[in-house]
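# After the sequence you'll find the predicted model.
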Amino acid sequence: MAVFRNKPKSEPAPAIHSLLGKDVLFKGEVHTSTHSFRVEGTVEGSIHSTGEVSIAQGGLVKGTIFAKHLVVTGRAEGTMKISDCLEIHGTGFVEGDVEVGSLVVDEGGTLQGVCVRKEQSRKEDPQPVAKGGFLPTPKHPDTEPKKVDVKH
């Protein structure tokens, strides 16, 4: 004889989103978990998220963003370290130093600055460090500038 137990079905928790309204200026640090955080106003400082951060059209973040996924339709200025994907939509503007897993820029979107893919930054050999500072980088003869005579 088999005995069946009726397990109550666990319902997924509803998505919880945090919103910074469009007339709000926040200065400091924002920490969120895996839930999404939407910026419609202005953040001056840093955002730390293990989930998605979105900057709405008219929204502005000046500072540092650490997130799994960043979607920009507004403006982001500063340093961004995005473990998965950075999406810059048509009205989005990103300026600064960016490290991403992947990058999507829609037509009209702007990325101004330095963008490094996360895998590339790990593969680079670190420069050796000596006690008291860095060792000089050896110069290769092929990379030395050469003089060229140009006749007009």
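That came through, no problem.

# pull the helix or strand with minimum mean pLDDT from the protein.
Ranked by mean pLDDT, DSSP states H and E, the weakest helix or strand in the chain is strand 129-130, scoring a mean of 46.

# ok now do Gly59, which residues does it touch?
Counting by CB atoms under 8 Å, 6 or more residues apart in numbering, Gly59 touches 20, 22, 38-42, 73-75. Heads up, the C-betas are built off the backbone N, CA and C, glycines and all.

# out of the residues you listed, which one sits closest to Glu87?
Thr73 (8.9 Å; CB to CB).

# right, and the closest one touches Val53 too?
No. If you go by CB atoms under 8 Å, Thr73 and Val53 don't touch, sitting 12.0 Å apart.

# Which one's more surrounded, these two?
Neighbour totals were compared for Thr73 and Val53, and Val53 leads with 27 against 19 (other CB atoms under 10 Å).

# Do I have it right that that one meets Ile47?
Yes. If you go by CB under 8 Å, Val53 and Ile47 touch, sitting 5.7 Å apart.

# Please enumerate the shared neighbours of the two.
Counting by CB under 8 Å, 6+ apart, the residues touching both Val53 and Ile47 are 32, 37, 39, 65, 67.

# what sits up against the host helix or strand of Glu99?
Assessed by DSSP states H and E, Glu99 sits inside strand 93-105. For strand 93-105, contacts defined as CB under 8 Å, 6+ apart pick out 72, 74-88, 109-119, 121.
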